[in-house]
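[1] 3D, please:
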Amino acid sequence: MIELKNEKLAVPVVLFAGLLWSFGPLVVRYMNDPNLVPWQYIFGRGLTIFIILNLYLYFEEGINFYKNYKKVGKSGAIGGIGLGIAMISFIYSITNTSAAITLLCLAAMPFFTALLAFLFLKEKISLNVWISIFIASIGIIIMAFGNDEKNSLAGFIFGITSSIGFSIFSVTLRWRKETPKFTTVAIAGLFCFVFASIIIFTKNQPFFATSYNSTMFSLHGTLVCFGLILYSIGSKAIPAAELTLLSLTEVIGGIFWVWLPLFGINEVPSTNTIIGGFFLFISIIYYSLIMRWNKRYIALN
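    Now for the predicted structure:
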């Protein structure tokens, strides 16, 4: 594994990872009626993630990379399924509401992670973290009130579900830190692939959408994988506080790309989304300042 020990070099690498992830919503918006082929999307994206990450592990660790699957255990299985549910919920969220709502729901992940760690790992939550969770909750409630249409509210709920799924993945990594992270993500891709296959087979649908849509499904999976690899390379040299802030590039970039007239989507966030997002950003910045005090480092590998 390539490691960057110099923070000045690691920061742009992690920023570029967030930039790659930020193009995900734009890719979804360029798909032809993705709401009509959600399981084909989940099938294609999951298969792409599973193949690319296993190829990466093979070139990184050699033929013995498969032994990582023997180390996964209960925590890896639960984490992989949680991440898989997050991936499935993502497409249902972004096809039923604005990209801004979906991304801002995902931005609340650190707070869901803190709550789940408190409930299941008995990790203590300081008063300052409770304050940041409270501020984030205000933002989420404001966004929820702005989504009173049936489909939009469903998209918001799926967005929250996706964020919780990602949080489950994060908590399982804390539960058993020796769990191989990349292998767990590969399991998530496999879970999506298998689950989507069962649904498609049950509904007697075709496994593949149009060649154009199938290409876009794979492109999104590729962006996720390469972003993940770059993130892991840079994450060891950057304190958790900075990583939390740098992860905002995915949210801000994703909202910006679908709004930018140049790309032809012109998706303008609603007033409630902007106000709720402001509260979320304030809470994340406050949360990051708290984390700076202990200079904790985290990494995906």
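[2] right, and residue 155 touches residue 100 too?
    No: applying C-beta atoms under 8 Å as the test, residue 155 and residue 100 come out as separate, 10.9 Å apart. C-beta: built from backbone N, CA, C; applies to glycine.
[3] find the nearest non-adjacent residue to the residue sitting nearest the centre point of the chain, please.
    Closest to where the C-alpha atoms of the chain average out (C-alpha atoms, centre = their mean) is residue 166, at 6.1 Å. Closest residue in space to residue 166, ignoring its immediate chain neighbours: residue 86 at 4.6 Å, by C-beta to C-beta, 6 or more residues apart in numbering.
[4] could you list the low-pLDDT ranges of the stretch 151-300 of the chain?
    Counting by pLDDT under 70, the ranges of the stretch 151-300 of the chain that qualify are 151, 235-245, 291-300.
[5] swap in 80 and give it another go.
    Applying pLDDT under 80 to the stretch 151-300 of the chain flags residues 151, 173-174, 176-179, 231-248, 287-300.
[6] tell me which stretches of the stretch 1-150 of the chain form strands.
    Taking DSSP state E, counting those that start in this stretch, the stretch 1-150 of the chain contains no strands at all.
[7] what segments of it are helices?
    For the stretch 1-150 of the chain, the helices defined by DSSP state H, counting those that start in this stretch occupy 7-22, 24-30, 38-61, 73-94, 99-107, 109-120, 127-145, 150-175.
[8] with distance to residue 231 added, can I get these in JSON lines?
    Shown next, in JSON lines, are the helices of the stretch 1-150 of the chain (distance: least, C-beta to C-beta, whole Å):
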{"stretch": "helix 7-22", "distance to residue 231": "4"}
{"stretch": "helix 24-30", "distance to residue 231": "14"}
{"stretch": "helix 38-61", "distance to residue 231": "13"}
{"stretch": "helix 73-94", "distance to residue 231": "14"}
{"stretch": "helix 99-107", "distance to residue 231": "15"}
{"stretch": "helix 109-120", "distance to residue 231": "14"}
{"stretch": "helix 127-145", "distance to residue 231": "22"}
{"stretch": "helix 150-175", "distance to residue 231": "13"}
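[9] comparing those helices by mean pLDDT, which bottoms out?
    With a mean of 82, helix 7-22 has the lowest mean pLDDT of those.
[10] now the angle from that one to helix 99-107?
    With axes from the mean of the first three to the mean of the last three C-alpha atoms, to 10 degrees defining the directions, helix 7-22 sits at 130 degrees from helix 99-107.
[11] how about helix 7-22: buried residues?
    Burial within helix 7-22, assessed by neighbour count using 16 or more other C-beta atoms under 10 Å, is assigned to 10, 11, 13, 14, 15, 16, 17, 18, 19, 20, 21, 22.
[12] what is the burial count for the closest residue to residue 78 other than its chain neighbours?
    Of all residues not flanking residue 78 in the chain, residue 172 sits nearest, at 5.2 Å (C-beta to C-beta, 6+ apart). When neighbours are counted by other C-beta atoms under 10 Å, residue 172 registers 26.
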